[in-house]
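Student: show me the folded form of this:
(4 chains)
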2 protein chains.
Amino acid sequence: MADETTKRTLPATSWAVLGLLSFGEELSGYDLKKWSDRSLRFFYWSPSFSQIYSELKRLEKAGYASSRLVAQETGTREKRVYRITDEGTAAVRAWARETPVDPPVLKHGPMLRLWLGHLLEPGQMREVLLRHQEFAEKMRLRAMADAESAKDEAAWAYPALTLKWAERYYASERDLAAATLDDVAALEGRRP
Amino acid sequence: MADETTKRTLPATSWAVLGLLSFGEELSGYDLKKWSDRSLRFFYWSPSFSQIYSELKRLEKAGYASSRLVAQETGTREKRVYRITDEGTAAVRAWARETPVDPPVLKHGPMLRLWLGHLLEPGQMREVLLRHQEFAEKMRLRAMADAESAKDEAAWAYPALTLKWAERYYASERDLAAATLDDVAALEGRRP
DNA sequence: ACTAACATGTAAAGCGTTACATGATTTA
DNA sequence: TAAATCATGTAACGCTTTACATGTTAGT
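Tutor: Prediction:
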């Protein structure tokens, strides 16, 4: 272990990155970003490249991850890959078990626009909601496709459950947008 | 107007605060925070006191809001109240109409835990989901209560629609938690 | 050979929170 | 009158992104 002061007070994003490593693979920052975009993205915002790189440094400093440089097959450039340590596994397990779960954070642009509906033309409000509906359906399909390719692999059972959740979540988002479109139509109809 | 450089490039939170002012009332930072907690909160995270205060300063600097000091009835302490300017109204309207809506941002702690299910005991996972279910139902009831008290006031028609949306959204969150509890039970049942 | 996309980082700027400081008002 | 709550801010800190720098690989 190293640097006692930075222990157990890490921000949620650090734990998310350490969580990615907790599946046991040895990964580079770039790998982690790509994987994060395809998994966390559905229910947790995916951190930027630069943040992943700095989180990795912090995790290594805390003794939760170790890194080594590996030479590319043909090229001359080296890359740094990270692996979780035993202490890191213990720490992320303790975090997952003991730290109280805080309520979900939502920043829902389309609803902010609806809330400011008095500033928009009816057609514009409709446009915003239609776009959101499309977005939700696209996300649902992605989650479905990923769930398909991950099924029956016991090691990914829990990630697969989050994909199932995401599929339902974005279906609900899509339907809520549709319902709100009706509500807006009714409102505009009452006083045109 | 003032400070041309800070115009139209404000972060979303600034527009949210200016949006609060766009309903026309003259409000203090404290008022805005309270109102924000009871309205934006359901679909957009509510900024802290300190951020609201600094956003107000920025809005005033940009010429989108004006402030004045008012003396309290009996006390000696003064407070600063803000009102949107004509230019601010035009700006927030232009923002709402022209700025592309970016996809919702979600940081869903319970799902992050589920994703890391391999680190938890089954009972702990169940506990997390139950807590989330309770949270969702509490939010749903709040949205419902607020919608009741806001109905039939034409000026709040759009905010009322967001409360209706929130009521459905948190109902869905509650149901998704229940469904996921079943999924987890099935998973654990298959390999105990 | 050139371009676009892939890959690995660093540096600077800005967003947002927590902690702190201060005073007024209500309640016990 | 003491404590708790309401109310109004400021300052410091830390998280996070955007912009930048640099080299590599694959397609045309």
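
Student: tally of neighbours for A:Leu69?
Tutor: A count of nearby residues for A:Leu69, using other Cβ atoms under 10 Å in any protein chain shown, gives 8. In this view, the C-beta of every residue, glycine as well, is placed from N, C-alpha and C.

Student: pretty sure it sits in a strand.
Tutor: Yes: assigned with DSSP: H, G, I helix; E, B strand; the rest coil, A:Leu69 falls within a strand.

Student: check which element follows the stretch of helix or strand A:Met125 belongs to along the chain.
Tutor: Element membership for A:Met125 (DSSP states H and E) is helix A:122-150. Next helix or strand after helix A:122-150 toward the C-terminus (DSSP H and E): helix A:157-190.

Student: domain ranges for chain A?
Tutor: Using automatic domain parsing, the domain parsing of chain A gives A:4-98, A:109-190.

Student: is it correct that A:Trp165 is in contact with B:Arg113?
Tutor: No: counting by Cβ atoms under 8 Å, A:Trp165 sits too far from B:Arg113 to count as a contact (11.7 Å).

Student: and the helix holding A:Met125, does that touch chain B?
Tutor: Yes: residues of helix A:122-150 contacting chain B under Cβ under 8 Å from any Cβ of the partner chain: A:Gln124, A:Val128, A:Arg131, A:His132, A:Phe135.

Student: ditto for stretch A:97-116
Tutor: Yes: applying Cβ under 8 Å from any Cβ, one finds stretch A:97-116 touching chain B at A:97, A:101-116.

Student: buried residues in that stretch?
Tutor: Neighbour counts using 16 or more other Cβ atoms under 10 Å in any protein chain shown place A:97, A:101, A:104, A:106-116 of stretch A:97-116 among the buried residues.

Student: which of the residues you listed sits closest to DNA strand C?
Tutor: Checking those against DNA strand C by Cβ to the nearest atom of the strand gives A:Lys107 as the nearest, at 7.7 Å.

Student: the closest one touches B:Pro104, doesn't it?
Tutor: Yes: contact between A:Lys107 and B:Pro104 holds when scored by Cβ under 8 Å: they sit 6.4 Å apart.

Student: between the domains of chain A, which one is closest to DNA strand C.
Tutor: So among those, domain A:4-98 is nearest, using Cβ to the nearest atom of the strand, at 2.2 Å.
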